[in-house]
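>>> Could you look at this predicted model? Sequence included:
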Amino acid sequence: MALYRREMKGSAKLLVIFGAVITMYVSIIIGMYDPEMMRMLDGFAEAMPELMAAVGMNANAGDLLGFMVSYLYGFILLVFPMLFCILRGNALIAKYVDKGSMTALVAAPVKRRTIALTQLAVLVSGILLLVLYITILESVCAGSGFPGELDLSALAVLNVGLLCLHLFIGGICFLSSCIFSDTRYSIAAGAGIPALMYVLQMLANVGGNAEKIKYFTYFTLFDPDGLTAGESSAAAGALLLFAGAVVLYVLGIVVFERKDLYI
């Protein structure tokens, strides 16, 4: 469909930008996996335990995958794909309505559901491509620098969980874009909710009395350590995120179908 191809071109620009940033961080972090650099990072963690814990960075990783989990899956691989979801989610529905361009789309002999499903496919395709690129990049960087040290099957499971998390975040952004006709409100909800949830997760990571906050953020359902260890509770958390994403996408489509576009 022409709309899908056009919107994927818009996604391509963001995918290249975020892909470049992620490439830089992933290659640098994996390249730090040597005894001297690990001691330095562990020293930072011991000197600033609360700050490092807030962004999910833990000291004394046992292997390469554990090292990657500690220094990539608490901040870098959560925040940058989340920003992609926020930017694309708003641009797919709310931006069209706000500018009045949606009039031309719905005036065409195409059902509203088809338009919504096409825009949803654009968002999901972008998330899939980004997580797939992350997986390939990690495998290549680890394989070239530390052959045979990365458990590829565990990495695949971990990134399936990461995919479920970002599909859920994408669902929040998509639903917000379908609900609000003004991009200001769409971004406020689509960006504000994920940002707030991540801040709550940072507070929970610090521990102490703040640890109870983890029950108020969906980021808790993404458990990298549990996924790499094959824990059933971690798999259940990922499944809940996926199920939640499906519910949010369906709600977004229903809202858009019934939305008054003032045409």
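Looks like it arrived, so ask away.

>>> pull the helix or strand with minimum mean pLDDT from the protein.
When each helix and strand of the chain is scored by mean pLDDT, DSSP states H and E, helix 49-54 comes last, with a mean of 56.

>>> from the chain's centre, how far out does whichever helix or strand comes after that helix sit?
As assigned by DSSP states H and E, the chain's next helix or strand after helix 49-54 is helix 64-72. Mean-position distance between helix 64-72 and its chain equals 17 Å (C-alpha atoms, centre = their mean, to the nearest Å).

>>> going forward can the numbers begin at 432, since that is how I track them
Shifting the count to begin at 432 puts that one at helix 495-503.

>>> Which parts of whichever helix or strand comes after helix 495-503 count as buried, going by neighbours?
The helix or strand immediately downstream of helix 495-503 is helix 507-523, counting by DSSP H and E. Residues of helix 507-523 classed as buried by neighbour count (16 or more other C-beta atoms under 10 Å): 507-509, 511-523. Any C-beta I mention is one placed from the backbone N, CA and C, and that applies to glycine too.

>>> With stretch 597-613 instead?
Buried residues in stretch 597-613 (16+ other C-beta under 10 Å): 597-612.

>>> Also stretch 662-672?
Residues of stretch 662-672 classed as buried by neighbour count (16+ other C-beta under 10 Å): 665-666, 668-669, 672.

>>> try stretch 438-458
Of all the residues in stretch 438-458, those buried under the rule 16+ other C-beta under 10 Å are 438, 442, 445-446, 449-450, 453, 457-458.

>>> what does stretch 632-652 give?
632-637, 644-645, 648-652.

>>> how about these in JSON lines, adding distance to residue 495, pLDDT and secondary structure?
Listed next are the buried residues of stretch 632-652 as JSON lines, based on distance: C-beta to C-beta, whole Å; pLDDT from 0 to 100; DSSP: H, G, I helix; E, B strand; the rest coil:
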{"residue": "632", "distance to residue 495": "25", "pLDDT": "90", "secondary structure": "helix"}
{"residue": "633", "distance to residue 495": "25", "pLDDT": "86", "secondary structure": "helix"}
{"residue": "634", "distance to residue 495": "29", "pLDDT": "86", "secondary structure": "helix"}
{"residue": "635", "distance to residue 495": "27", "pLDDT": "84", "secondary structure": "helix"}
{"residue": "636", "distance to residue 495": "22", "pLDDT": "80", "secondary structure": "helix"}
{"residue": "637", "distance to residue 495": "26", "pLDDT": "78", "secondary structure": "helix"}
{"residue": "644", "distance to residue 495": "31", "pLDDT": "87", "secondary structure": "helix"}
{"residue": "645", "distance to residue 495": "27", "pLDDT": "85", "secondary structure": "helix"}
{"residue": "648", "distance to residue 495": "28", "pLDDT": "93", "secondary structure": "coil"}
{"residue": "649", "distance to residue 495": "28", "pLDDT": "95", "secondary structure": "helix"}
{"residue": "650", "distance to residue 495": "24", "pLDDT": "95", "secondary structure": "helix"}
{"residue": "651", "distance to residue 495": "25", "pLDDT": "93", "secondary structure": "helix"}
{"residue": "652", "distance to residue 495": "25", "pLDDT": "96", "secondary structure": "helix"}
